[in-house]
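1. mind looking at a prediction? Sequence and model below.
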Amino acid sequence: MLIWNFSPIGFFRGAVTDAAAAPRQGAAAPGARGIIQLQAGCGYEAALDDLNGFERLWVVFVFDQAKGWKPRVQPPRGGGKRGLFATRSPHRPNPIGLSCVRLVGIDGLRLEIAECDLLNGSPILDIKPYLPYADAFPTAAAGWTDGLDHSSWTVVSSPLIQAQFAWLANSGCAWDVDALSLAMLSEDPTPEGRHRIRALDGDCFELAVKTWRLCFRIDPVARQVERLSLSTGYSDTALAGEEESRWGDHELHRRFLKQFP
């Protein structure tokens with residue numbers, strides 16, 4: 001078996017650090033921006049010559065947070081499990097990512113990009129120009145994704161959950177529950193095949209976000225999600241100290257419940 005060793009030409013720097021909060025596709029996140037910082041002392045300054053005239057780039061990178069892979073996976077849309085190679089799952093035999101991003105500008109060895117779905121710290125393997133005449137095939141068949149509604153859901157928040165998000169942000173919570181839930185629910189809030197979502201009584205659903213549980217309601221006609229409230233994902237016995245948490249955030253949840261009983 002042949003083995004190739006690759007060295008990163010640089011690293012991506014951006015605001016998103018958790019894979020659950022990353023856009024599923026960069027083109028669906030026009031506000032997502034970041035910097036590709038290339039390695040110094042490698043001659044990459046000359047390699048960037050003439051790139052400024054291109055509006056879009058192909059970025060080849062490493063899914064460095066991926067762990068293992070399975071031959072069939074559950075995509076965020078489209079019902080049941082699909083063959084891995086028929087999906088964009090980051091968990092692959094070789095964890096290599098490919099993203100078509102918009103080039104905003106170049107300053108030395110720094111490339112500012114937009115409409116990107118990379119995580120902070122992602123190793124960059126290569127950069128190539130996007131060529132519309134060779135890379136765009138808008139009428140090509142898209143397999144099982146043909147016929148799916150690819151538009152995002154609108155997500156709104158109740159006054160209560162806005163106050164809860166603000167409290168968590170100021171109380172040392174390890175995760176941005178607001179951003180994580182927004183990324184998950186704007187993609188597809190329906191529970192079909194989603195182990196993170198379960199139906200509650202009435203017309204409400206519950207989303208598991210790390211150690212938190214988020215109650216929400218959906219309007220399928222308007223394609224709108226209303227985030228209603230947060231609650232703890234721990235049992236009473238766990239919060240009483242009878243069970244340990246690998247996250248070490250029992251005390252945060254106890255304070256949350258006093259603030260929002």
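-> Yes, it's here.

2. can I get the strand or helix carrying L230 in PDB, CA atoms only?
-> With secondary structure defined by DSSP states H and E, L230 is part of strand 224-232. Coordinates of the C-alpha atoms in strand 224-232 are reproduced here as PDB (Å, rounded to 0.1, in the frame of the first residue of the first chain):
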ATOM      1  CA  GLN A 224     -39.800  28.900  10.700                       C
ATOM      2  CA  VAL A 225     -38.400  27.600  14.000                       C
ATOM      3  CA  GLU A 226     -39.200  29.300  17.300                       C
ATOM      4  CA  ARG A 227     -36.700  28.600  20.000                       C
ATOM      5  CA  LEU A 228     -38.700  28.700  23.300                       C
ATOM      6  CA  SER A 229     -36.600  27.800  26.300                       C
ATOM      7  CA  LEU A 230     -33.600  25.900  27.700                       C
ATOM      8  CA  SER A 231     -33.500  23.300  30.300                       C
ATOM      9  CA  THR A 232     -30.800  21.100  31.800                       C
END
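
3. in it, which residues are buried?
-> Within strand 224-232, the residues that count as buried by 16 or more other Cβ atoms under 10 Å are 225-230, 232. To be clear about C-beta, it is placed using only N, CA and C from the backbone, and glycine gets the same treatment.

4. so what are the sheet partners of that strand and their directions?
-> As defined by DSSP bridges, the strand partners of strand 224-232 come to strand 154-157 (parallel), strand 212-219 (antiparallel).

5. what's the most buried one of the ones you listed?
-> Among these, the stretch with the highest mean neighbour count (mean count of other Cβ atoms under 10 Å) is strand 212-219, at a mean of 19.

6. and it, average pLDDT?
-> The average of the pLDDT scores along strand 212-219 is 94.

7. now do stretch 14-26
-> Averaged over stretch 14-26, pLDDT sits at 72.

8. what does stretch 234-250 give?
-> When pLDDT is averaged along stretch 234-250, the result is 82.

9. how about TSV for the strands paired with strand 224-232, with distance to A46 added?
-> What follows is the strands paired with strand 224-232, written out as TSV (distance: least, Cβ to Cβ, whole Å):
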stretch	distance to A46
strand 154-157	45
strand 212-219	49
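
10. for E112, find the nearest of these.
-> The closest of the strands paired with strand 224-232 to E112 is strand 154-157. By Cβ to Cβ, the value is 27.1 Å.

11. make TSV out of the buried residues of strand 224-232 and add distance to K258.
-> Listed next are the buried residues of strand 224-232 as TSV, based on distance: Cβ to Cβ, whole Å:
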residue	distance to K258
V225	28
E226	26
R227	22
L228	20
S229	16
L230	14
T232	11
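
12. what's near enough to touch L200?
-> Residues counted as contacts of L200 (Cβ atoms under 8 Å, 6 or more residues apart in numbering) are 206, 215.

13. still on that earlier bit, name the next helix or strand downstream of the strand holding L230, please.
-> Under the assignment DSSP H and E, the closest C-terminal helix or strand after strand 224-232 is helix 236-237.

14. buried residues in whichever helix or strand comes after that next one?
-> Next along the chain after helix 236-237, taking DSSP H and E as the criterion, comes helix 250-259. Along helix 250-259, these residues count as buried under the neighbour rule (16+ other Cβ under 10 Å): 250, 252-253, 256.
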